[in-house]
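Student: Sequence and computational prediction follow.
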Amino acid sequence: MIPTQSSFKADVFRFVRCQLDAATGVAELVYAFDDGPELIETITVPGAPFALAGARATAVERALRLLHLIAGVSYYKAAVPETIRIDSYAIDADTAALLELIYVNGLGEFAYRNGLNLHGKIRFPVDAAAADTKASPLGLKPHALVAIGGGKDSLVSIEALRTLGVEQTVTWIGGSQLIAACAQRTDLPTLNLGRALAPQLFELNRQGAYNGHIPVTVVNSAIMVLAALLHGVDQVVFSNERSASYGSLIEGTGEVNHQWSKGWACEQAFGDYVQHQVAADLHYYSLLRPLSELAVARQFARTDRYDTHFSSCNRNFHILGERPASRWCGVCPKCHFVFLALAPFMPKPRLVGIFGRNLLDDAAQTDGFDALLEYRNHKPFECVGEGRESRAAMAALAERPEWREDTLVERFAREIRPQLGGDDLRIEPLLVLDDEQRLPPALWERLRAHFAA
Ligand SMILES: CC(=O)N[C@H]1[C@@H](OP(=O)(O)OP(=O)(O)OC[C@H]2O[C@@H](n3ccc(=O)[nH]c3=O)[C@H](O)[C@@H]2O)O[C@H](CO)[C@@H](O)[C@@H]1O[C@H](C)C(=O)N[C@@H](C)C(=O)N[C@@H](CCC(=O)O)C(=O)O
Ligand SMILES: Nc1ncnc2c1ncn2[C@@H]1O[C@H](COP(=O)(O)OP(=O)(O)OP(=O)(O)O)[C@@H](O)[C@H]1O
């Protein structure tokens with residue numbers, strides 16, 4: 001990639017300060033470039049006033065700083081300055097290591113698209129005097145804040161926890177009406193957390209500052225950790241599947257993972273840090289880590305409760321700009337992938353009813369599906385399953401009378417499948433549960449039985 005130039009230049013990125021008003025639940029995360037104006041991001045946690053004292057107050061302060069440090073990635077990326085400075089507190093070596101991991105990998109797609117190499121270039125200042133203090137248990141109440149994103153994944157987790165009788169509050173960040181409607185549809189307690197980016201960021205973007213993808217899931221995770229401590233509950237649950245740990249293989253570059261912060265490396269590093277440095281009894285985990293995308297799709301197909309509410313199409317979730325006319329734009333990689341992943345597990349009329357059309361019988365979508373299959377292209381920079389999952393789903397459809405004559409399924413059987421030679425195209429091996437996860441052990445035992453049923 002040819003390096004792009006940012007119209008906006010700075011030598012230093014500063015973490016100026018962060019503060020939480022326990023009386024209102026409003027947190028301010030303040031940043032600046034050089035000696036420029038303050039950029040203030042605001043997070044609002046409903047349920048105030050919060051009574052904070054002793055070890056709980058300490059844990060909240062640590063969670064707030066962690067959020068400040070992680071959420072800074074949205075602003076840092078606008079200029080990628082040489083130097084990072086933290087003005088109002090100090091961090092230890094473990095904290096710096098976590099942040100460097102998140103910034104370098106979470107900005108992997110951003111760096112690739114802008115022709116930048118961030119490896120070894122992002123250094124957080126470590127203060128030897130910063131105490132490496134172990135977090136203590138806070139006596140948090142057994143209750144899960146479950147992140148909901150409006151798509152199929154979180155709904156699978158919510159239904160699994162409901163079946164297992166785990167107390168939960170369905171929680172989302174931002175003002176999406178689509179997510180709000182899904183959350184209402186669960187008939188469970190809900191919590192909507194506010195997040196407003198510093199408005200100057202949009203102006204910097206308009207002026208041609210560096211822009212690109214940021215590790216949004218770990219930012220959302222840090223917001224949820226703060227909310228969990230304010231509400232005194234012991235679990236923050238995400239729904240990131242095993243497939244998210246695998247990126248797109250780019251010729252000449254290697255692996256670039258759009259969804260790095262949904263992957264296992266990020267979950268482990270962030271979850272361990274929270275337990276060691278924030279609150280010993282706060283468990284952060286992804287309930288779907290042992291499952292592939294196809295296994296999640298199979299679980300989702302078991303109920304039609306959300307068919308007229310959910311959407312995985314990211315075009316619904318822009319902060320600025322237009323939303324698609326319907327919940328599924330039908331032409332983006334997520335629409336393609338979710339259609340393909342659900343098809344082996346749902347009656348065809350139900351699936352076509354959800355999307356309003358049959359995407360696999362539309363020759364105009366050929367390139368999009370080819371990219372999913374990693375045929376003449378790499379996997380798209382989006383939250384889609386592995387190439388082998390798409391190939392296995394397509395191979396299964398090619399055997400089904402109701403699908404095999406559809407344009408893209410027929411083409412797969414004729415043109416692509418013969419080239420896959422010895423590839424294992426069976427779905428079953430991809431449905432096997434993995435052991436790589438950090439769920440509370442007792443919950444994992446019960447979940448394993450639930451998913452196997
Ligand atoms: C909705 C979406 O996909 N947005 C991506 C898009 O952003 P765009 O410029 O088209 O519009 P906005 O979303 O309205 O954002 C405006 C600008 O704001 C900045 N920004 C936004 C959110 C944030 O947390 N930090 C920010 O700095 C940014 O400068 C925006 O331009 O393209 C961007 C790349 O240029 C993407 O970064 C936007 O993605 C959002 C951060 C987002 O929430 N995306 C999720 C739907 C998403 O991609 N989820 C992943 C999860 C993987 C992960 O954790 O990384 C997924 O589904 O795979
Ligand atoms: N606005 C949000 N607030 C809180 N959590 C979110 C938000 N958006 C996404 N998430 C969470 O981030 C994780 C990754 O999002 P992702 O979009 O993959 O999941 P999803 O919306 O549940 O399903 P799908 O993959 O079908 O879109 C999920 O745990 C999801 O709940």
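Tutor: It's in. Ligands and ions are numbered 1, 2, ... in the order given.
Student: average pLDDT across stretch 338-358?
Tutor: Mean pLDDT, computed over stretch 338-358, is 97.
Student: And for it, what's in contact with it?
Tutor: For stretch 338-358, the surrounding residues in contact (C-beta atoms under 8 Å, 6 or more residues apart in numbering) are 151-152, 293-294, 296-298, 300-301, 304, 307-308, 312-313, 326, 328, 330, 335, 359-360, 369, 372, 385, 389-390, 393-394, 396-397, 400, 402-403, 406, 427. Yep, even glycine has a C-beta here, placed from its N, CA and C like the rest.
Student: What remains of those residues if I keep only buried residues?
Tutor: The neighbour count (16 or more other C-beta atoms under 10 Å) marks 151-152, 293-294, 296-298, 300-301, 312-313, 328, 330, 335, 359-360, 369, 372, 385, 389-390, 393-394, 396-397, 403, 406, 427 as buried among the contacts of stretch 338-358.
Student: just the residues you listed that are near ligand 2?
Tutor: Among the buried ones among the contacts of stretch 338-358, the ones lying near ligand 2 by C-beta under 6 Å from any ligand atom are 151-152, 312.
Student: Sitting in helices, which of the buried ones among the contacts of stretch 338-358 do you find?
Tutor: Using DSSP state H, the members of those that fall in helices are 152, 293-294, 296-298, 300, 335, 369, 372, 389-390, 393-394, 396-397.
Student: Quick check: of the residues you listed, which lies closest to residue 159?
Tutor: residue 300 (8.7 Å; C-beta to C-beta).
Student: That closest one against residue 155, yeah?
Tutor: Yes - using C-beta atoms under 8 Å, residue 300 makes contact with residue 155 at a distance of 6.7 Å.
Student: Checking residue 74 next. Helix, strand or coil?
Tutor: helix (DSSP: H, G, I helix; E, B strand; the rest coil).
Student: From ligand 1, how far off is the residue of the stretch 201-350 of the chain found nearest ligand 2?
Tutor: Closest residue of the stretch 201-350 of the chain to ligand 2, C-beta to the nearest ligand atom: residue 312 (3.2 Å). Distance of residue 312 to ligand 1, computed by C-beta to the nearest ligand atom, to the nearest Å: 8 Å.
Student: any idea how far that residue lies from residue 293?
Tutor: 11 Å (C-beta to C-beta, to the nearest Å).
Student: Wait, residue 220 touches residue 173, no?
Tutor: Yes - counting by C-beta under 8 Å, residue 220 does reach residue 173; the two are 5.4 Å apart.
Student: Quickly list what's touching both of the two.
Tutor: residue 147.
Student: which residues sit in contact with residue 375?
Tutor: Counting by C-beta under 8 Å, 6+ apart, residue 375 has contacts residue 416.
Student: Tell me the secondary structure at it.
Tutor: Applying three-state DSSP: residue 375 is coil.
Student: Phi and psi next, for the residue of the stretch 201-350 of the chain closest to ligand 2.
Tutor: With angles defined as degrees, to the nearest 10, residue 312 sits at phi -100, psi 0.
Student: what's the answer for residue 42, then?
Tutor: Phi and psi for residue 42, reported as degrees, to the nearest 10, are phi -120, psi 130.
Student: can you count the residues close to residue 117?
Tutor: 10 (other C-beta atoms under 10 Å).
Student: List the residues that contact it.
Tutor: residue 111.
Student: One more: residue 130?
Tutor: Residue 130 is in contact with 90-92, 95, counting by C-beta under 8 Å, 6+ apart.
Student: which one among these gets closest to ligand 2?
Tutor: residue 95 (23.2 Å).
Student: Any stretches of the stretch 301-450 of the chain with poor pLDDT?
Tutor: 321-324 (pLDDT under 70).
Student: Please work out which residue of it is closest to ligand 1.
Tutor: For the stretch 301-450 of the chain, C-beta to the nearest ligand atom, closest residue to ligand 1: residue 383, 2.7 Å.
Student: Hmm, that residue is touching residue 259, no?
Tutor: Yes - assessed by C-beta under 8 Å, residue 383 is found in contact with residue 259 at 5.1 Å.
Student: Find residues that contact each of the two.
Tutor: Contacts common to residue 383 and residue 259, judged by C-beta under 8 Å, 6+ apart, are residue 244.
Student: Point out the residues in the stretch 151-300 of the chain that sit beside ligand 2.
Tutor: For the stretch 151-300 of the chain, the residues in contact with ligand 2 (C-beta under 6 Å from any ligand atom) are 151-154, 172-174, 179, 217, 220, 238-240, 262.
Student: From those residues, which land in helices?
Tutor: Going by DSSP H, the helices hold 152-154, 179, 217, 220 from those.
Student: Out of these, who's the most crowded?
Tutor: residue 153 (29 neighbours).
Student: and the gap between the closest residue to that one other than its chain neighbours and residue 439?
Tutor: Leaving aside its sequence neighbours, residue 153 sits nearest to residue 239 (C-beta to C-beta, 6 or more residues apart in numbering; 4.0 Å). In this view, residue 239 and residue 439 are 12 Å apart by C-beta to C-beta.
Student: ok, residue 44 touching residue 193?
Tutor: Yes - applying C-beta under 8 Å as the test, residue 44 and residue 193 come out as touching, 6.7 Å apart.
Student: who has more neighbours, the two?
Tutor: Regarding residue 44 and residue 193, a neighbour count based on other C-beta under 10 Å identifies residue 193 as having more, with 20 against 16.
Student: Okay, and that one sits in which element?
Tutor: strand 190-196 (DSSP states H and E).
Student: buried ones in that strand?
Tutor: By neighbour count with 16+ other C-beta under 10 Å, strand 190-196 contains the buried residues 190-195.
Student: now, which of those sits nearest residue 31?
Tutor: Of all the buried residues of strand 190-196, residue 195 has the smallest distance to residue 31: 14.7 Å, by C-beta to C-beta.
Student: Name whatever forms a beta bridge with the spatially closest residue to the closest one that is not a sequence neighbour.
Tutor: Excluding its sequence neighbours, the residue lying closest to residue 195 (C-beta to C-beta, 6+ apart) is residue 173, at 5.1 Å. When bridges are called by DSSP bridges, residue 173 pairs up with residue 193.
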